[in-house]
Structure formats: structure tokens, C-alpha cells
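Colleague: missing the sequence, but the structure's below:
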């Protein structure tokens, strides 16, 4: 199924804009999982099974697997999500960006090896560095636009001259993706919840394009402001990510139940402003 | 040893500015290696052993390993380079870029798991996305500046307003890295050989900062123009990368000898303009 089709169906059927980010940090796992060779997979599958009916997508962050030589556990995790929770899109958060011939290899990694439904991509190297992902017609390509970290302003907030006039770099990225790179309808953008005014600016530029919004929870973004700025007319259009606040809600054997409670509260807090 | 110390020693002792890029594509391997489960490692170690005395560094491109589930072969390859060719720096070409907490994981992946001496990093997310790599005092951090692909101009060539006046985005990246991010002396920049005028502009902005220059060989960059634009006063300052032209110089069992011949020719062609 096309990523966008699956995402829209999940928004409606699960009544949720919540994306749970899977950033497994073994040092923060409950004691009973510590030291197990498959701890990352066990932790993540229990989080997934406890929250799948509450989310519009899951977003595993590949660095947390790669740092622990756990690519095999990431493969098994995505397979688990597809098998046990069909219709739940998986966004591989990898923020790749390279010349075309190398991007083809990254696309194979994300879509064929890990079987992700979408990938996050860095736009700094331009159109031909993104084409190899766009060449997969059913996959989502989510470009970094305005990121949630403090340094996000260093380049993204610079004023640039473009053929459409002066604007900030992140605005130019938003326009370029919406008006040019999205010809096949499989693009989305990353816009951090820590900057609601910029979510609103991006929404004004890109119509109904889905936005992946990290930064609520541990990073301090505001849910009400994010919804007011970014929701589309039908009250969707957003994948609002929470990672650490959900994953580490509990420290005991009942960590997955604790994660479910926080995920449910977060989904409901989001829905209150739709 | 510090990456910069090792690089300067390699420039002098090997009398070479050549970086051999390790982008293993099994479909292009000689017939006798096809189908072996360790084909990538065998291919790359033979290239390395045949060319190590001719290079200032090696640059494995991680996507080519990840697409083939061959992270274990990349680990073994870097271990082989360090053990058999000590003093030869290994640049992991990964072009990572993410928020600080995730960048810490990517730094573990690059420096602790794969034991690279340097990594390529994307600057789009700003200073705090780069700090976790800079925190490793002996490692090199090589920021994308002006990339060699056609789409490199899409963002990098935009005119931006900065506190130092109007300039192109890649020039702002070059200045920011040289004047701010390089406080510990471990930064370098990626500037493509396909744009010699921009190599010269970057060199004028960054003093002696090392430049990693992809784009000669298969991508068509000009060696004489690259050297004229980018060499420092003592005739170094550059890591000039060639990947495919070296790796796939031969198609038979003597592929490593063919690679050595091309690497030697390329080194000499570079040295003719130093």
C-alpha cells in the first residue's frame, strides 16, 4: 500500500495523529531486559504491541540500532510491525543525503532491507540526491525543513534570494518540495514542534502536505500551538512524534503499560485540539 | 593519533593527496568473487593492500555496506586497514546529521563501532547536531559544503544574508566551520571537484583547512583545476577522492593490480600540479 494511503487511513481509523518514535537506549531499559542480547527488539516490540492502536505511524531512529550493532533487531522489529499491526506505516528516521548513486544504496537499505514505508531525507544536496527515494512510487520521502533543535536556526533561518523572492531557507525548502519534488505525491516535511510560528508558515506554503513534527515531550514543544499551526482543514495532516516520553514512561516490568498510558494521554491531548 | 596529525603525516610520507573511496558494488566485482558471502570484504581488502602506499586516506562509503547487510564486513575492513596499514586514516563517508542526542549515537557508530578516524557530516541541522562528533578530540569531522552532484546548487548556491554580509550558502558554511566550529582544529570540508571556482573561493575563506574533494574520475572533475584552486602553500591541504575509476579499473582476477595502476597514475597526475 502507498505510504500516503496508509497514513491517511491510520489517521482516520485510529483517530490519532500520534507517531511513536522508537529510539531504544539500552541504558534506560527496565532491569529485567538489561544484558539480554535481544533486549532492543524485546523492548521495542512490547512498546509497539502496547501502543499500535493509538498511533498513526511508528518511527524507528536507525542510529540507536546502529550504535549497538543491532541492525538485525531493526529488521525483525519492522517485520513484526508489518505482520502483527498491518496498516501501521513505519517511517525510518535516517536523515540520509548523498549523491544519486549512493542514495540508490541508501534507498535499498531503507526500503528493501529494512522494509520501511517512508524515510527521512536531508535536502542539503538537492534534487538528484532525493530522486532515488522518489523512484519508489509507494514509499514516503520526508524532507528535513525546520528541525526542532536549537542549531536548526543556524542555516535554516537564513534569508535567501530565490526566483520566488526573498524568504528563509526552510521556507524555500518547503516550497521546493511542495511545488517541484512532490510531483508523485509522496513527499512530506519535518517541522519541529519547538517552532509553532514556523509550522504555520510551512502549512501556508504547502497546502495539505503531511508534516512530521518532532519536539513535543522531552524537547518541550507545545501541543495546542502545534495543532493550531499545523492541522489541515479535516483535522489531520500531522504526524506528531513522541519518543522518550512514551518509551521511558515506566522503569519496571510494566513499562509497556506505562508507555500505553502516556501514548493514550498524548493522543487525547492532541485530539482535544483537532 | 589525531586524524589531522595522521593525515598530514600521510600527505608527506606517502607523497600523495589521493583518497581511495571504497564504494563496493558486488554487481561490478570480478567473476571469481561473485556469490561469496565475504565478497565485499575480500574485494575491499585487496584494493586496500594494493593501494595503501599510494594514498593519504581511505574513504569507505557506508551505504554500500548497509544495502548488503555487510556492516560486519565494514568493521573487519577498517580493522584490517588499522592493523596492516597503520597511519592510514579511515574516513567513514556517512553524511550523518541529526539532533544532539541522536548524533551521539551516530558518533558511537562511526568512532567506537566502526573505528573510523573521521566522518562526513551534513551541516543543515546546525551546530548542536555537529557537537557530538567534535567531542571526540582525536577524530576528524568533515562537513558537507559544496557537493559534487548537479543538485548541489539547489540550496548551496543560494545567496544568503549573514552577519558577515551577503554570500552563497556554501560560503557561509565554509566560514562558519572555519571560524566557529573548528575551535578544536578537527574540522574539514567537502568541496566537489566539479566546481573548481568554488574550491578556490572556499580555500580563500578557510586558510589551511583540509578539503575532501570528490568528483574526479567517474564524475568528470579536472585534476589540474582542482589543484590550482585548492592546494595550500606547501602543496597539500586536499584529500582528492577517486572511487569507481580505481575500484573497477580491472574486471579479472588481477583487478587489484589494475586498481593499483590507476591509483598510481592518479596520484602522479595530482602530484604533477602540486
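Modeller: That came through fine. None of the values given here were measured: they were computed from a predicted structure.
Colleague: can you list the weak-confidence ranges in chain A?
Modeller: A:218-219 (pLDDT under 70).
Colleague: Look at the residue nearest to residue A:69 when sequence neighbours are not counted and say how many residues are nearby.
Modeller: Among residues not flanking residue A:69 along the chain, residue B:113 sits closest, at 6.3 Å (Cβ to Cβ, 6 or more residues apart in numbering or on different chains). The way it works is simple: take the backbone N, C-alpha and C, and place the C-beta from them, glycine included. Residue neighbour count, defined by other Cβ atoms under 10 Å in any protein chain shown, stands at 18 for residue B:113.
Colleague: try residue A:233
Modeller: 7.
Colleague: does it sit in a helix, a strand or a coil?
Modeller: coil (DSSP: H, G, I helix; E, B strand; the rest coil).
Colleague: if I look at the residue nearest to residue A:69, how far off is residue B:67?
Modeller: Per Cβ to Cβ, to the nearest Å, residue B:113 is found 18 Å from residue B:67.
Colleague: Next one: the helix or strand containing residue A:175, is it in contact with chain B?
Modeller: Following DSSP states H and E, one finds residue A:175 within helix A:169-176. Yes. Counting by Cβ under 8 Å from any Cβ of the partner chain, chain B is contacted by helix A:169-176 at A:169, A:172-173, A:176.
Colleague: One more: stretch A:145-152?
Modeller: Yes. Judged by Cβ under 8 Å from any Cβ, stretch A:145-152 and chain B are in contact via A:147-152.
Colleague: all strands for chain A, in order.
Modeller: Assigned by DSSP state E, chain A shows strands spanning A:18-22, A:57-60, A:91-96, A:118-121, A:140-146, A:159-162, A:165-168, A:187-191, A:211-213, A:238-242.
Colleague: Show me what the second one is packed up against.
Modeller: Using 3 or more Cβ pairs under 8 Å, 6 or more residues apart in numbering or on different chains; DSSP states H and E as the contact definition, the elements that strand A:57-60 packs against are strand A:18-22, helix A:71-84, strand A:91-96, strand A:238-242.
Colleague: out of the ones you listed, deepest packed?
Modeller: Compared across these, strand A:238-242 shows the largest average neighbour count, a mean of 29 (mean count of other Cβ atoms under 10 Å in any protein chain shown).
Colleague: ok so, going back, restricted to helices, list the residues of stretch A:145-152 next to chain B.
Modeller: Assigned to helices by DSSP state H, the following of the residues of stretch A:145-152 next to chain B qualify: residue A:152.
Colleague: so can I have a markdown table of the residues of helix A:169-176 next to chain B showing distance to residue B:104 and neighbour count?
Modeller: A markdown table is the format used below for the residues of helix A:169-176 next to chain B (distance: Cβ to Cβ, whole Å; neighbours: other Cβ atoms under 10 Å in any protein chain shown):
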| residue | distance to residue B:104 | neighbour count |
| --- | --- | --- |
| A:169 | 26 | 24 |
| A:172 | 30 | 26 |
| A:173 | 26 | 27 |
| A:176 | 31 | 20 |
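Colleague: Pretty sure residue A:155 sits against residue A:169.
Modeller: Yes. With contacts counted by Cβ atoms under 8 Å, residue A:155 reaches residue A:169, the gap being 6.0 Å.
Colleague: Quickly list what's touching both of those two.
Modeller: residue B:169 (Cβ atoms under 8 Å, 6 or more residues apart in numbering or on different chains).
Colleague: thinking again about what came up before, what two of the residues of helix A:169-176 next to chain B are the furthest from one another?
Modeller: A:169 and A:176 (10.4 Å; Cβ to Cβ).
Colleague: ok, now which ones touch the residue in the stretch 1-150 of chain A that chain B sits nearest to?
Modeller: Proximity of the stretch 1-150 of chain A to chain B (Cβ to the nearest Cβ) peaks at residue A:126, 2.6 Å away. Residue A:126 makes contacts with B:147, B:149-156, as judged by Cβ under 8 Å, 6+ apart.
Colleague: Check the burial of the closest residue to residue A:57 other than its chain neighbours by counting its neighbours.
Modeller: Take residue A:57 and drop its neighbours on the chain: the residue closest to it by Cβ to Cβ, 6+ apart is residue A:89, 4.3 Å away. Residue A:89 has 27 neighbours, counted by other Cβ under 10 Å.
Colleague: how far away is residue A:89 from residue A:188?
Modeller: 11 Å.
Colleague: Residue A:270 too?
Modeller: Residue A:270 is 17 Å from residue A:188, by Cβ to Cβ.
Colleague: Show me which of these two is the more surrounded one.
Modeller: residue A:188 (26 against 21).
Colleague: And that one, how far from chain B?
Modeller: Look at residue A:188 and chain B: by Cβ to the nearest Cβ, to the nearest Å, they are 17 Å apart.
Colleague: contacting residues around that residue?
Modeller: By Cβ under 8 Å, 6+ apart, the neighbours of residue A:188 are A:118, A:140-143, A:209-212, A:239.
Colleague: correct me, but the residue nearest to residue A:69 touches residue A:70?
Modeller: No. At 10.6 Å, residue B:113 does not count as touching residue A:70 under the criterion of Cβ under 8 Å.
Colleague: Quick check: neighbours shared by these two?
Modeller: Shared contacts of residue B:113 and residue A:70, defined by Cβ under 8 Å, 6+ apart, are absent.
Colleague: Residue A:101: what's it in contact with?
Modeller: Residue A:101 is in contact with residue B:23, counting by Cβ under 8 Å, 6+ apart.
Colleague: So it versus residue B:109, what's the distance?
Modeller: Per Cβ to Cβ, residue A:101 is found 22 Å from residue B:109.
Colleague: repeat for residue A:64
Modeller: Using Cβ to Cβ, we find residue A:64 at a distance of 10 Å from residue B:109.
Colleague: and if you look at residue A:214?
Modeller: From residue A:214 to residue B:109 the distance is 20 Å (Cβ to Cβ).
Colleague: picking up where we left off before, mind checking which of the strands of chain A is nearest residue B:3?
Modeller: strand A:91-96 (23.5 Å).
Colleague: distance of the closest residue to residue A:217 other than its chain neighbours from residue A:150?
Modeller: Once flanking residues are discounted, residue A:217 sits nearest to residue A:245: 3.4 Å by Cβ to Cβ, 6+ apart. Distance, residue A:245 to residue A:150, by Cβ to Cβ: 19 Å.
Colleague: Which one of those two is surrounded by more residues?
Modeller: Ranked by neighbour count (other Cβ under 10 Å), residue A:245 and residue A:150 place residue A:245 first, with 18 against 15.
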